[in-house]
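*Asks:* quick one: sequence and predicted model below, then my questions.
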Amino acid sequence: MSKTKTLLFTSLLAISAFSPAQADGYFSEVSEKFLRGGANLFTGMGEVPKNIVWASGETNPTVGFTGGIVGGTLDVLGRTASGIFDVITSPIPTKSLVEPAYVWDDFGKPTTYGTNYRQGEVKVYNPQ
């Protein structure tokens, strides 16, 4: 009986050590990453019509159709691989490797990879 009380007390103490804001932030980011990964894993095929629409708008329907199929197939592989990566690494909250994060976001924009991780200008904290 005392082992049960000790275990319960230790568990409550460990849970109370985290503030609700920190726990909510972490769990919401982790769950969002997991859901984003699952969505990208199963909706990657949407890249083919997305690329056909985008390439047709940039060139003409004939070139857009053939180029969209080729580019869309490559983006299906990229988005599906990104989905697998996000599901496996979901306990580590990070930004999406794919931009836009979901295939249905910004349907007229081409899919890019790794733009969230490119090095750009250094942002210095200025408390003014």
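*Replies:* Done, it's in.
*Asks:* pLDDT of the longest helix along the chain, averaged?
*Replies:* If you go by DSSP state H, the chain has its longest helix at helix 61-88. Mean per-residue pLDDT for helix 61-88: 92.
*Asks:* buried residues in that helix, which are they?
*Replies:* 64, 67-68, 71-72, 75-76, 78-83, 85-87 (16 or more other C-beta atoms under 10 Å). All C-beta spots, glycine's among them, are computed from the backbone N, C-alpha and C.
*Asks:* closest one of the residues you listed to Gly57?
*Replies:* Gly64 (7.1 Å; C-beta to C-beta).
*Asks:* quick one, helices of this protein?
*Replies:* For the chain, the helices defined by DSSP H cover 2-16, 20-43, 47-58, 61-88.
*Asks:* quick one, which of the ones you listed gets closest to Val98.
*Replies:* Per C-beta to C-beta, nearest to Val98 of the helices of the chain: helix 61-88, 4.6 Å.
*Asks:* got the contact list for the closest residue to Gly37 other than its chain neighbours?
*Replies:* Leaving aside its sequence neighbours, Gly37 sits nearest to Asp86 (C-beta to C-beta, 6 or more residues apart in numbering; 2.8 Å). Asp86 makes contact with Lys33, Phe34, Arg36, Gly37, Asn40, Ser96, Leu97 under the criterion C-beta atoms under 8 Å, 6 or more residues apart in numbering.
*Asks:* ok, Ser96 touching Ser82?
*Replies:* Yes. With contact defined as C-beta atoms under 8 Å, Ser96 and Ser82 form a contacting pair (7.3 Å).
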